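# here you go, sequence then predicted model.
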Amino acid sequence: MRDLSLLDPGITFLNHGSFGACPREVFEAQQQWALAMERNPVDFLGRHSAALLAQSREALARTLGASGADLVYVPNATTGVNIVARSFPLAPGDEVLGTDLEYGACEAAWQRACDRQGAVYRRANIPLPYDAGQALQRLLAAITPRTRLVFISHITSATALTLPLQAICAAARERGIATLVDGAHAPGQIDLALNAIGADFYVGNAHKWLCAPKGSGFLHAQPEHHARLDATVVSWGYTEARPGDDSYLGRGPFERRLQWQGTRDLSAWLAVPSAIDFQARHDWPSVRERCHALAREAHDALVRRHGLQPVAGDGDWAQMVAIPVPAQDATELQRRLWEDSRIEVPVTTHEGHVFVRVSIQGYNTAEDVERLLAAPALR
C-alpha cells in the first residue's frame, strides 16, 4: 500500500496523526475537482457548488452514522470548535468542563470564549495509567451546578487514548448539560455512529485517518442547535434569501451561514467521497486491524526495553499509541529521530511523562517498526 501513497520513500513516516497523508488517487481526485472549477469558476461555484457539496456531505454522513443535513464542512476540527465556542451562550460564573488530556489549541478557544463572557474553563484530572471507568467517574465528579457544557476528545492527541464518549454524552444529557466532542482523530481510525453517540456538537477531520485531502474537516450539530451557530466569517448566508441563492449558499441558516465564507477552494471537500471509496475498496477494517497489531509490536518492544509502565491497555487505543520512554527533552528526541534516522514521529509530553506517539497507517510496514526500534535515539 506504500506504493499507493505520495510519501517520500526515503523516510520512515510514523506520524499520520498530525496531518494525515493522502493516497495518490485521492489527491488526483482533488486535482480533478480543482480543474473543473477553473474551467468555469462562475458556473462551478455560482450554479453547482451547493449541490456538489450536499452530495459529498451525504457520503460522509453515511460513513459517520449521521444525517447530511446536520453536517457542514469546515477546514479542520479546530475551526469547528471555534464556531461552537463563539456561538454557545455563557453567563458570568458559568463553567465549561474539559479534561487535562485535551488539545491545547482547542482549549485556547474555550478559554478565550469564557474570558469574554465572564465564564470559567475547568479541567478534570485524568490520571495515568488510564482507566476508562475511572476517567468517566472523575469527569462526572467535576461537574457542578454551574457546568453548561462538557468539552471532550474522542481520541486524545498527546496520549492517543479513546475516551468513553457515549457514556459521557449520556450522563451529560441526563443532567441537562451540552456536549462538544473533539473528534479530530476518530473518523477513519475507529467506527463512528454520531446519531447513536448523541453529542450536541461533534467536530472531526477527514484529512487525518480518513485520508482525505488537507483542509477537509466537518462540524456535526443536533438540529435544535443549527440556528444558534455563527460562522467565523459573516458572509452572504446572513442576508435575506434571494432567488438562486441556494445554488451556492444552500438551504437553511445552518448551511447558508457556515458553508459559504466567500471565495475558497472546495476541492478538498469534494474529494472526501473518493477517500471513503478508497478505504472501502481496500477492506479498511482489515487494514486497521493490521495497523493496530504493528503499533502494539512497537509499543510492547519499547516498554520492555525501558521497563516503563504502559499508559493504557491494548483496547484503549487504535492505530495511534503513546509509548512511554525515559524522561528527557522531548524536542531534542524528536529532532534526533528525524535528523539521525529520518524517522518522522512526534514526541509528546503529559504530566512529566514523555511519549513517542506512533501512528500506523495502511502504508506502514513491519520494516518501519523495525527502523524505529533500531534508532540510536531510542536505545
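That came through fine. Numbering: from 1, shown residues only.

# surely Thr348 is within a helix?
No - under DSSP: H, G, I helix; E, B strand; the rest coil, Thr348 sits outside any helix and is assigned strand.

# which residues sit against the worst-scoring helix or strand of the chain on mean pLDDT?
In the chain, the helix or strand scored least confidently by mean pLDDT, DSSP states H and E is helix 252-259, which has a mean of 92. Outside of helix 252-259, the residues that reach it under the criterion C-beta atoms under 8 Å, 6 or more residues apart in numbering are 50, 53, 70, 72-74, 83, 219, 221, 226-227, 229-231, 236-238, 241, 245, 249-250. Every residue, glycine included, has its C-beta placed from N, CA and C.

# among these, which lie within strands?
Among the contacts of helix 252-259, the subset assigned to strands under DSSP state E consists of 72-74, 219, 221.

# quick one on the thing from earlier: the least confident helix or strand of the chain: what's the following helix or strand?
Moving toward the C-terminus from helix 252-259, the next helix or strand (DSSP states H and E) is helix 267-270.

# what is the neighbour count of the spatially closest residue to Phe19 that is not a sequence neighbour?
If you skip the residues right next to it in sequence, Phe19 has Lys214 as its closest partner in space, 6.6 Å away by C-beta to C-beta, 6 or more residues apart in numbering. The number of residues packed near Lys214 is 18, by other C-beta atoms under 10 Å.

# so Ala322 is in which element?
Assigned by DSSP H and E, Ala322 belongs to strand 320-325.

# which residues does that strand contact?
Strand 320-325 has contacts (C-beta under 8 Å, 6+ apart) with 16-17, 155, 158-161, 185, 189, 295-296, 298-299, 302-303, 306, 308-311, 333, 347-348, 350, 353-360, 378.

# gap between that strand and the chain center?
The chain centre lies 19 Å from the centre of strand 320-325; the measure is C-alpha atoms, centre = their mean, to the nearest Å.

# do stretch 359-376 as well
A distance of 23 Å separates the centroid of the chain from that of stretch 359-376, by C-alpha atoms, centre = their mean.

# distance from the chain centre to the least confident helix or strand of the chain, please.
In terms of C-alpha atoms, centre = their mean, the gap separating the centre of helix 252-259 from the centre of its chain is 22 Å.

# quick one on the thing from earlier: partners of the strand holding Ala322 in the sheet?
Applying DSSP bridges to the sheet, strand 320-325 is found paired with strand 353-359 (antiparallel).

# after the strand it pairs with, which helix or strand is next?
From strand 353-359 onward toward the C-terminus, using DSSP H and E, the following helix or strand is helix 366-374.

# enumerate every residue touching the most centrally placed residue in the chain.
Nearest to the mean C-alpha position of the chain, counting by C-alpha atoms, centre = their mean, stands Ala184 at 0.7 Å. Shown in contact with Ala184 (C-beta under 8 Å, 6+ apart): 76-78, 103, 153, 155, 157, 203-205, 208, 217.

# what's the span of stretch 225-238 from first residue to last?
Its start and end residues considered, stretch 225-238 measures 16 Å (C-alpha to C-alpha, to the nearest Å).

# I should have written stretch 243-262 there, sorry.
Calculated as C-alpha to C-alpha, the first-to-last residue distance of stretch 243-262 is 19 Å.

# next, the buried residues of the top helix by length along the chain.
Among the elements of type helix in the chain, defined by DSSP state H, the one spanning the most residues is helix 284-306. When neighbours are counted by 16 or more other C-beta atoms under 10 Å, the buried residues of helix 284-306 are found to be 284, 287-288, 290-292, 294-295, 297-299, 301-303.

# any idea which element Gly98 lies in?
Here Gly98, judged by DSSP H and E, is contained in strand 95-99.

# which strands or helices does that strand pack on?
Contacts of strand 95-99 with other secondary structure elements, assessed using 3 or more C-beta pairs under 8 Å, 6 or more residues apart in numbering; DSSP states H and E, are made with helix 104-117, strand 120-124, helix 132-141, strand 147-153.

# and the shortest one, which residues are buried?
For strand 120-124, a neighbour-count test (16+ other C-beta under 10 Å) marks 120-122, 124 as buried.

# which one of the buried residues of helix 284-306 is nearest to Asp340?
Nearest to Asp340 among the buried residues of helix 284-306, counting by C-beta to C-beta, is Leu302 at 16.9 Å.

# next up, the contacts around the closest one.
Leu302 makes contact with 323-325, 356, 373, 378 under the criterion C-beta under 8 Å, 6+ apart.

# equivalent analysis for Val26, please.
211-213, 271, 274-275, 278.
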